[in-house]
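Structural data only, the sequence is not supplied:
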């Protein structure tokens, strides 16, 4: 398979998984997929979800697992970036001198 075809396959998988996550309102950055107290990924939950999605969508399980972990890492990074860039507003009672 050429790299172009592989990329198109990966994009198709990514799009289908995102759609499935949205339809089911699954948020990979929240419990049960992520433990906010320990700030760790709950591998067993991602693996179970990947197994189910791979069967339902007829994708390879290993690729589905890899993609879900990637989507989760991207979501967690976006959240971390928002936290780093967060500036309290005056409405929140924080005043700058």
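Right, received. Where do you want to start? Since the model is a prediction, treat every value here as computed from it, not as a measurement. Residues are numbered from 1 along each chain as shown.

alpha carbons only for contacts and neighbour counts from here, please
OK.

what residues are up against the spatially most central residue of the chain?
When Cα atoms, centre = their mean is applied to the chain, the residue found nearest the centroid is residue 72 (2.5 Å). By Cα atoms under 8 Å, 6 or more residues apart in numbering, the contact list for residue 72 reads 28-29.

Point to the helix or strand of this structure where mean pLDDT is at its lowest.
When each helix and strand of the chain is scored by mean pLDDT, DSSP states H and E, helix 3-23 comes last, with a mean of 80.

just checking, what packs against that one?
Under the contact criterion of 3 or more Cα pairs under 8 Å, 6 or more residues apart in numbering; DSSP states H and E, helix 3-23 touches helix 61-85.

how many degrees apart are the helix it packs on and helix 3-23 in direction?
Calculated by axes from the mean of the first three to the mean of the last three Cα atoms, to 10 degrees, helix 61-85 forms an angle of 70 degrees with helix 3-23.

Tell me which residues of helix 61-85 come out buried.
By 16 or more other Cα atoms under 10 Å, the buried positions in helix 61-85 come out as 61, 64-65, 67-69, 71-72, 76.

what pLDDT does residue 83 get?
Note for residue 83: predicted pLDDT of 85.

Please report how far it lies from residue 50.
28 Å (Cα to Cα, to the nearest Å).

got it, and residue 29?
From residue 29 over to residue 50 the distance is 15 Å, taken as Cα to Cα.

In terms of neighbours, single out the busier of those two.
residue 50 (24 against 21; other Cα atoms under 10 Å).

List the contacts of the nearest residue to that one once chain neighbours are set aside.
Leaving aside its chain neighbours, residue 50 sits nearest to residue 65 (5.1 Å; criterion: Cα to Cα, 6 or more residues apart in numbering). Residues in contact with residue 65 (Cα under 8 Å, 6+ apart) are 46-47, 50-51.
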